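Asks: The following comprises the amino acid sequence and a computationally predicted model.
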Amino acid sequence: MKKLIYAALAIILATSLLWVGSIHFERAQNAETGTNGNKVLNLYNWGDYIDPALITKFEKQTGIKVNYETFDSNEAMVTKIKQGGTSYDLTVPSDYMIQKMKKENLLLPIHKSKITTLKYIDKRFLNLAFDRHNKYSIPYFWGTLGIVYNDKYVKRHEISQWNDLWNSKYRDKIMLIDSARDILGLSLISQGNSLNDKSSADLQAAKGKLDALMPNVKAIVADEIKMYMVQEEAPIAVTYSGEAAEMIAQNKHLHYIVPTKGSNEWFDNLVIPKTAKHIAAAYQFINFINQPENAKQNAEYIGYATPNAKAKQLLPKSIRTDQQFYPSAKTLSKLQVYQDLGQKKTQEYNDLFLEFKMTNR
Amino acid sequence: MNINKTRFWPTIYLIVVFILLYAPIFYLIFYSFNAGKYMHDFAGFSLRHYRQLFNDARMMEIVFNTFIVALLSSLIATIIGTLGAIGIYGTKNRVMRNVILSLNNVLMVSPDVIIGASFLIFFTMLGIGLGFGSVLMSHIAFSIPIVVLMVLPKLNEMNYSLLDAAQDLGANSWQVLTRVVLPYITSGIFAGFFMAFTYSLDDFAVTFFVTGNGFSTLSVEIYSRARQGVSLEINALSTLMFLISLILVVGYFMIDSYNSGRKAKKGKLSA
């Protein structure tokens, strides 16, 4: 009995020590920035999707403490917000998810008169199909779907379109990102159809064409695709521009291209969820992050393409003119944005993709 | 000759298994000292990732919070679980006892994701804000069945006549509990506590659903950060955690062997 009581006391003592430590580090975070925890902003973002130095700068400038919380998928984020119990003031869903959140009344409209930095955003990124007149969202980053290749094994210009992937010399050489809409989408585009095609016949045809690609496919993987490409497990991969930027940073032999005949273009946008409690702080943050010099710093840290025209001008020329991540106007005109297809069609895409994955090689 | 032969293959097998288990950990530890930024191309020895870790106040706060939740939740779960086990042990009705035990086991085998989702719904329905409290409560809840399962066998192992004898000698039920039952099952209680502790420390699925409002634990934080590729700061942290658990295991082993040595000595003296 004595032993148990001593053990319990020891645990309580250890807990209190840890508690003191925890408070110390919380204070350290506050002291660094001069915030006192009275004014806060709960920011719910993808992991590592903002330059931490910018958060510190924002805290110093405004005295608002930023609680930075992270999620790893649009779906997880929406579940958390829908359930309530949290009070996120700002979050960053992708295009199709904004459409869905809008439908489910999870967003607060944004008063554009309060967004003084809206003028810096490239007009091309405003008033898009998923959120007309930007009633609910302000662009944060954007990117594309494309092909990464390794110049040790694949020559420049050998691959420029989706159709080149079907070339028989790439047998067992291609890695695909595990995503139903992206992979069926590339097949749809290669047949001249829309990414948001709802016709079952077109989808069947796209799936049929994909089956013919199977002999060339080495693997269908998720986030690991980055690691595999860097370690040169495969010479070709279909993935997103953001992932590609990181691969290229780690392995100079890798290059990224966006097929000029069309591909997907995606956007991550800042929105204010229904649960927000610090709306003024949220507006302050949106304005802060879109200040050209801040947006530029953020773009340099993340490596994704910024929709902020003024910030883009500030970026070094080598980045600004990099066709890999800021494609030419001609390619841009061919890019398409995903729209929410509704549950039934989404399921059809998923089922077809699953069938494709089970195809015998 | 024959004996050597029979020992050879088992030893090889054991070595292979241990290599499989530990190689990834040592690989990870090795790269935590990398001067470079990635888990390949070792660029020379450096402690920069450790420095970075200790300067990352957010990460350190999360580490501390994670340990607070783990210690506190397993302590409370151990108390409740031990009393629960004693309760189950004392239930005379066989059917009733099996029903309670099965209900306990259902919680053990049901998937974490489902438990997490139901906690999320439960807390939001009651209007309890997500944060430290919700994480602590859910960790206590999923740890209790583990403690019960660790303590119950110890109770069953105990000779019932011990209790009768204590009562015959005039002990009241409090004295029976604290002087006979608890000392007998102490090792089971400690085992339950450590199991609950490790469960709480590495739980991701349940915690993911119930964190919020600025409170987060290690597993959730690391998982979210991993989207951009795991930074070597995480390697540094994992190395330290590995060392801490190694020290704990060695410490536990030494205390254990010291105690059993003392017991053996005592036994000799009294004999």
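Replies: Received the coordinates, thanks.
Asks: since we're on the closest residue to residue A:338 other than its chain neighbours, how many residues are nearby?
Replies: Nearest in space to residue A:338, with sequence neighbours left out and distances taken as C-beta to C-beta, 6 or more residues apart in numbering or on different chains, is residue A:96 at 4.6 Å. All C-beta atoms are positioned from the backbone trio N, CA, C, and that covers glycine. Using other C-beta atoms under 10 Å in any protein chain shown, the number of residues around residue A:96 comes to 20.
Asks: which bits of the stretch 151-271 of chain B sit near chain A?
Replies: By C-beta under 8 Å from any C-beta of the partner chain, the part of the stretch 151-271 of chain B that sits against chain A consists of B:178-179, B:182-183, B:186, B:189-190, B:193, B:208-209, B:211-214, B:216, B:220-221, B:223-229, B:231.
Asks: what's the pLDDT at residue A:320?
Replies: Reading off the confidence values, residue A:320 has pLDDT 83.
Asks: So it is in contact with residue A:311, correct?
Replies: No - if you go by C-beta atoms under 8 Å, residue A:320 and residue A:311 don't touch, sitting 10.0 Å apart.
Asks: So these two - more neighbours on which side?
Replies: Neighbour tally, residue A:320 and residue A:311, criterion other C-beta under 10 Å: the higher count belongs to residue A:311, 24 against 13.
Asks: list the contacts for residue A:184?
Replies: In this structure, residue A:184 makes contact with A:203, A:206-207, A:210, A:349, A:352-353, A:356, judged by C-beta atoms under 8 Å, 6 or more residues apart in numbering or on different chains.
Asks: if you set the cut-off to 7 Å instead, what comes out?
Replies: Contact analysis of residue A:184 by C-beta atoms under 7 Å, 6 or more residues apart in numbering or on different chains lists A:203, A:206-207, A:349, A:352-353.
Asks: average pLDDT for the host helix or strand of it?
Replies: Using DSSP states H and E, the secondary-structure element containing residue A:184 is helix A:180-190. Looking at helix A:180-190 alone, the average pLDDT works out to 89.
Asks: Chain B contacts on the stretch 201-350 of chain A?
Replies: A:223, A:226, A:231, A:246, A:250 (C-beta under 7 Å from any C-beta of the partner chain).
Asks: neighbours around residue 11, how many?
Replies: Picking chain A for this. Around residue A:11 there are 17 other residues, counting by other C-beta under 10 Å.
Asks: Hmm, no, I was thinking of chain B.
Replies: 9.
Asks: Return the set of buried residues in the strand or helix carrying it.
Replies: Assignment of secondary structure by DSSP H and E places residue B:11 within helix B:2-32. Neighbour-count burial for helix B:2-32, with 16 or more other C-beta atoms under 10 Å in any protein chain shown as criterion, is recorded at B:28-29, B:31-32.
Asks: Which of these sits closest to chain A?
Replies: Distances from chain A to the buried residues of helix B:2-32, taken as C-beta to the nearest C-beta, are shortest for residue B:31 (13.0 Å).
Asks: Mark which of the residues of the stretch 151-271 of chain B next to chain A are part of helices, please.
Replies: Among these, DSSP state H puts B:182-183, B:186, B:189-190, B:193, B:208-209, B:220-221, B:223-225 in helices.
Asks: so can I have a markdown table of those showing neighbour count and distance to residue A:152?
Replies: Putting those into a markdown table (neighbours: other C-beta atoms under 10 Å in any protein chain shown; distance: C-beta to C-beta, whole Å) gives the following:
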| residue | neighbour count | distance to residue A:152 |
| --- | --- | --- |
| B:182 | 18 | 68 |
| B:183 | 13 | 69 |
| B:186 | 16 | 63 |
| B:189 | 22 | 60 |
| B:190 | 18 | 57 |
| B:193 | 27 | 55 |
| B:208 | 23 | 40 |
| B:209 | 27 | 45 |
| B:220 | 26 | 39 |
| B:221 | 22 | 37 |
| B:223 | 17 | 33 |
| B:224 | 22 | 34 |
| B:225 | 19 | 31 |
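Asks: Just name the closest of these to chain A, please.
Replies: Closest approach between these and chain A, by C-beta to the nearest C-beta: residue B:224, at 3.3 Å.
Asks: how about the strands of chain A, start to end?
Replies: When secondary structure is read from DSSP state E, chain A shows strands at A:40-46, A:65-71, A:90-91, A:137-150, A:174-177, A:217-221, A:236-240, A:254-257, A:265-271.
Asks: dump the residue contacts of the closest residue to residue A:97 other than its chain neighbours.
Replies: Of all residues beyond its chain neighbours, the one nearest residue A:97 is residue A:74 (4.2 Å), with distances taken as C-beta to C-beta, 6+ apart. By C-beta under 7 Å, 6+ apart, residue A:74 lies in contact with A:93-94, A:97.
Asks: if we can go back for a sec, generate TSV for the ones in helices among the residues of the stretch 151-271 of chain B next to chain A, with distance to residue A:284 and pLDDT as supplementary columns.
Replies: As requested, these are arranged in TSV below (distance: C-beta to C-beta, whole Å; pLDDT from 0 to 100):
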residue	distance to residue A:284	pLDDT
B:182	57	89
B:183	61	88
B:186	57	88
B:189	52	90
B:190	52	88
B:193	47	90
B:208	29	86
B:209	30	85
B:220	27	83
B:221	26	82
B:223	29	78
B:224	24	72
B:225	26	72
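Asks: got the CA positions of stretch A:291-310 in CSV?
Replies: Taking Å, rounded to 0.1, in the frame of the first residue of the first chain, the C-alpha atoms of stretch A:291-310 are listed here in CSV:
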residue,chain,number,x,y,z
GLN,A,291,0.8,42.1,-47.9
PRO,A,292,3.2,41.6,-50.9
GLU,A,293,6.4,41.2,-48.9
ASN,A,294,4.7,38.7,-46.5
ALA,A,295,3.1,36.7,-49.3
LYS,A,296,6.5,36.6,-51.1
GLN,A,297,8.2,35.3,-48.0
ASN,A,298,5.6,32.7,-47.5
ALA,A,299,5.8,31.6,-51.2
GLU,A,300,9.5,31.2,-50.9
TYR,A,301,9.2,29.1,-47.7
ILE,A,302,6.4,26.8,-49.0
GLY,A,303,7.5,26.6,-52.6
TYR,A,304,4.0,26.7,-54.0
ALA,A,305,2.8,29.3,-56.5
THR,A,306,1.3,32.5,-55.0
PRO,A,307,-1.9,34.0,-56.4
ASN,A,308,-0.6,37.4,-55.2
ALA,A,309,0.5,39.3,-58.3
LYS,A,310,2.4,42.0,-56.4
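Asks: in that stretch, what counts as buried?
Replies: Neighbour-count burial for stretch A:291-310, with 16+ other C-beta under 10 Å as criterion, is recorded at A:291-292, A:294-299, A:302-310.
Asks: hmm, who's touching stretch A:5-15?
Replies: B:68, B:71-72, B:75.
Asks: The residue nearest to residue A:97 and chain B: what is the separation?
Replies: Taken as C-beta to the nearest C-beta, to the nearest Å, the spacing of residue A:74 relative to chain B amounts to 12 Å.
Asks: What is the neighbour count of residue A:55?
Replies: Residue A:55 has 21 neighbours, counted by other C-beta under 10 Å.
Asks: before we move on, the earlier item: just send the contacts of stretch A:5-15 back as CSV, with distance to residue A:3, pLDDT and secondary structure too.
Replies: As requested, the contacts of stretch A:5-15 are arranged in CSV below (distance: C-beta to C-beta, whole Å; pLDDT from 0 to 100; DSSP: H, G, I helix; E, B strand; the rest coil):
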residue, distance to residue A:3, pLDDT, secondary structure
B:68, 23, 92, helix
B:71, 18, 92, helix
B:72, 20, 93, helix
B:75, 15, 94, helix
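Asks: Could you let me know which of those residues ends up closest to residue B:62?
Replies: Residue B:62 has its nearest neighbour among the contacts of stretch A:5-15 in residue B:68, at 10.6 Å by C-beta to C-beta.
Asks: What separation is there between that closest one and chain A?
Replies: The span separating residue B:68 from chain A equals 5 Å under the rule C-beta to the nearest C-beta.
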